[in-house]
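Participant: Generate coordinates for the sequence data below:
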Amino acid sequence: MSRFDYPILAKEGTVHLVLAALSGIAATIWFGVASIFVWILVLFVFQFFRDPKRNITSDPGAIVSPASGKVVSICEDLNPYQDGNKALKVSVFMNVFSVHSNLVPVGGTVEGKWYFPGSFVNAALDKASVENERNAIHIRTKDGHDVFSVQIAGLIARRILCYVNEGESVSTGERYGFIRFGSRVDLYLPLDTKLRVTLGQSVASGNDTIGFLPGYNAI
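Facilitator: Reported below is the predicted structural model:
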């Protein structure tokens, strides 16, 4: 399967979806109408693992949102994955009702990949960026811009999946990972990135543009 394919229901949830459906059927057989409470949980599992098709922009220099959720932080910060250089940091928090597939924010080459074990504090908190379990990738665009996308586990999340490796070429909007059950993605961008999002804004992975790399403007 291509990383541009969207399976409607995420492959990462196959076991969970099967078990949920079987639980619903069993509950119906054993408890009849009272099984409605089990089916509510089944519906929750199915909505969590939904993976809808996205409309990826073709605008040059666009940085698409790697995650679906709410923008909880926009600030200048030191980039821990680039020798502490200053960067523009944009954080998107995913709750349990968000789509949890993660998409490549910009096309380029994966220059680095790092995994850090850690704790599981609420991913909406800023300290989650440095304390929680996380996986970071460094993408360098063909124009030499450096973009870092960091998957961060949350209070309930216990599994970060990342499917790209150092040296690979990736394209904007490519499906590159998944985080299970509430989490966060941090972007570290060039300081003079032209942002198109505001604090508190809800964004959809792939569909919405975070901003434009230096030297590019919206068409």
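Participant: got the buried residues for stretch 201-214?
Facilitator: Of the residues in stretch 201-214, Gln201, Val203, Ala204, Ser205, Gly206, Asn207, Asp208, Thr209, Ile210, Gly211, Phe212, Leu213 count as buried by neighbour count, 16 or more other Cβ atoms under 10 Å. (Each C-beta comes from the backbone N, C-alpha and C, glycine too.)
Participant: Let me know whether Val96 touches Phe49 as I believe.
Facilitator: No - Val96 is beyond contact range of Phe49, at 11.2 Å (criterion: Cβ atoms under 8 Å).
Participant: which one of these two has more residues nearby?
Facilitator: Between Val96 and Phe49, Phe49 has the larger neighbour count (other Cβ atoms under 10 Å), namely 23 against 16.
Participant: Isn't that one up against Ile8?
Facilitator: No - counting by Cβ under 8 Å, Phe49 does not reach Ile8; the two are 9.6 Å apart.
Participant: For Lys53, state which of the buried residues of stretch 201-214 is nearest.
Facilitator: Comparing the buried residues of stretch 201-214 against Lys53 with Cβ to Cβ places Gly206 closest, at 8.8 Å.
Participant: can you list the domains in the protein?
Facilitator: 8-51, 62-209 (automatic domain parsing).
Participant: Could you name the stretch from those that's closest to Asn217?
Facilitator: Short answer: domain 62-209, nearest of these by Cβ to Cβ, at 6.9 Å.
Participant: Start and end of that closest one, how far apart?
Facilitator: Start-to-end span of domain 62-209 (Cα to Cα, to the nearest Å) is 6 Å.
Participant: Could you do stretch 71-85 as well?
Facilitator: For stretch 71-85, the end-to-end distance is 22 Å (Cα to Cα).
Participant: Enumerate the positions of it that are buried.
Facilitator: Those would be Val71, Val72, Ser73, Ile74, Asp77, Asn79, Pro80, Tyr81, for stretch 71-85 by 16+ other Cβ under 10 Å.
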